[in-house]
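Novice: what follows is a predicted structure for the sequence shown.
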Amino acid sequence: MPPKAIGPYRVLETLGSGGAGTVYRARDRRTNDEVALKLLSTGPSLDDRAARRLVREFETLADLAHPNVVKVFEAGVHEGWPYLAMELIEGLTLRHYLDVSAGELHSATPLSRAPLSIRRTEDDDFGSVDGPDEDADDDSVVDDDDEDGTFGLNAFAEEAPSEDLASFHGAGEDSDSDDLPVDPRRDLSRKPAAKAHAAPPRMADLNRPERMGRLKDAMLQVCEALAYIHGHGLVHRDLKPSNIMVDDDRQVRLMDFGLAKFLADDAGITADGKLVGTYRYMAPEQILGEPLDGRSDLYSLGVILYELISGRPPFDAKTPHELWRQVLETEAPPLLALNLHGDPQLARVAHRLIRKEPDDRFQTAEEVYEALSE
Ligand SMILES: Nc1ncnc2c1ncn2[C@@H]1O[C@H](COP(=O)(O)OP(=O)(O)OP(=O)(O)O)[C@@H](O)[C@H]1O
């Protein structure tokens, strides 16, 4: 339970929790503005590595400005609590954004994208783009597809960023374990239907044209964000549905840059040789600890696309080693065999993104944007 005041911020309510931290709605007493405040779940400075991630996240983002990349305001330490203050996104993580029906969304903005805008300069008005989870971080990796083509929501499970094998199971739960109030609208979004034992999604639900329109539009915006960060020499390294939020105006934000790395700093492993990222979304070269570039993020984007189209990840296993073996050695089942009426164009893009060899994938986020726009 964090103090009610952290530096200049008054903590108001819990927004969500990830593997290492909890994010709160807070008010900046200097400006009266609301912000999102990320604090480490471990409390005051107990986890040096996680604390360094918060500082790294701030330093990484401080000089970047793009409408599809979350803004950070400051990082600090208050009575031993490392914190990161960032833009408050009033919206849903990508997974929940796609799970809710159109009627539950605040904005009914038509889903049409402006022509490719990723080559515009920072000075241009990105904010005028029209348009437009998860925290279902239930780590179970069991598939329960049944005969009528439905899949349990646990097929959507994703893991928290994992720096050791222990976190393959059990980490990343959406545990609002403190007693701060929880925003009821977010509660709707963050508590996945699976936890309430609701019916699993049916293929017909996944293929709803309105949902597919939302998915495509969100993917285009993620491509814009990726093109921007890759253009600045940055690789995200932990792209997954819980790190993509969509606000009430359907504007996407790429979040959680705690593992992001500038290419100049080199490879996909930390200084102490640990693998970083989230297993299910990691590219083969990331698993192998080889140097990464933007194409590794494109692989993760492909996994996201694959599972949001088919209801299940391309590779699934009960242990990290089995998952890695599959990622390195086996081909993902054809998407359209899993979802007979899935969008063939999106399926083609997803398969090309999850090719084992970076050279065989799309090479840039711009190329993916173009392919999605066809
Ligand atoms: N800037 C923000 N505005 C609003 N809600 C946010 C913001 N940042 C995070 N959240 C919410 O808090 C949740 C937890 O975020 P956090 O970054 O700690 O973890 P995560 O991305 O879910 O998992 P992990 O950190 O383990 O990858 C998010 O899933 C989202 O629901």
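Specialist: Yep, that arrived.

Novice: what is the burial count for residue 314?
Specialist: Taking other CB atoms under 10 Å as the criterion, the count of residues near residue 314 is 23. In short, each C-beta sits where N, CA and C put it, glycine included.

Novice: distance of it relative to the ligand?
Specialist: 20 Å (CB to the nearest ligand atom, to the nearest Å).

Novice: and that residue, what does it touch?
Specialist: 302-303, 306-307, 332-333, 354 (CB atoms under 8 Å, 6 or more residues apart in numbering).

Novice: just send those residues back as a markdown table, with pLDDT and secondary structure too.
Specialist: Listed next are those as a markdown table, based on pLDDT from 0 to 100; DSSP: H, G, I helix; E, B strand; the rest coil:
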| residue | pLDDT | secondary structure |
| --- | --- | --- |
| 302 | 98 | helix |
| 303 | 98 | helix |
| 306 | 98 | helix |
| 307 | 96 | helix |
| 332 | 98 | coil |
| 333 | 97 | coil |
| 354 | 98 | coil |
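
Novice: can you put the residues you listed in a markdown table and add neighbour count?
Specialist: Shown next, in a markdown table, are the contacts of residue 314 (neighbours: other CB atoms under 10 Å):
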| residue | neighbour count |
| --- | --- |
| 302 | 25 |
| 303 | 26 |
| 306 | 27 |
| 307 | 25 |
| 332 | 21 |
| 333 | 13 |
| 354 | 25 |
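
Novice: of these, closest to residue 17?
Specialist: Using CB to CB, residue 307 comes nearest to residue 17 of the contacts of residue 314, at 21.6 Å.

Novice: how about the secondary structure of the closest residue to the closest one other than its chain neighbours?
Specialist: Sequence neighbours aside, residue 313 is the residue nearest to residue 307 in space, at 4.6 Å (criterion: CB to CB, 6 or more residues apart in numbering). Using DSSP: H, G, I helix; E, B strand; the rest coil, the structure places residue 313 in coil.

Novice: and residue 313, how far from residue 33?
Specialist: 38 Å (CB to CB, to the nearest Å).

Novice: now residue 206
Specialist: Distance of residue 206 to residue 33, computed by CB to CB: 38 Å.

Novice: just put the contacts of residue 314 in CSV and tack on distance to the ligand.
Specialist: Formatted as CSV, these follow (distance: CB to the nearest ligand atom, whole Å):
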residue, distance to the ligand
302, 19
303, 15
306, 19
307, 16
332, 23
333, 26
354, 20
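
Novice: next, give phi and psi for residue 353.
Specialist: phi -70, psi -30 (degrees, to the nearest 10).

Novice: ok, it touching residue 364?
Specialist: No: Residue 353 lies out of contact with residue 364 (CB atoms under 8 Å); the separation is 11.7 Å.

Novice: so those two - more neighbours on which side?
Specialist: More crowded of residue 353 and residue 364, by other CB under 10 Å: residue 353, with 25 against 18.
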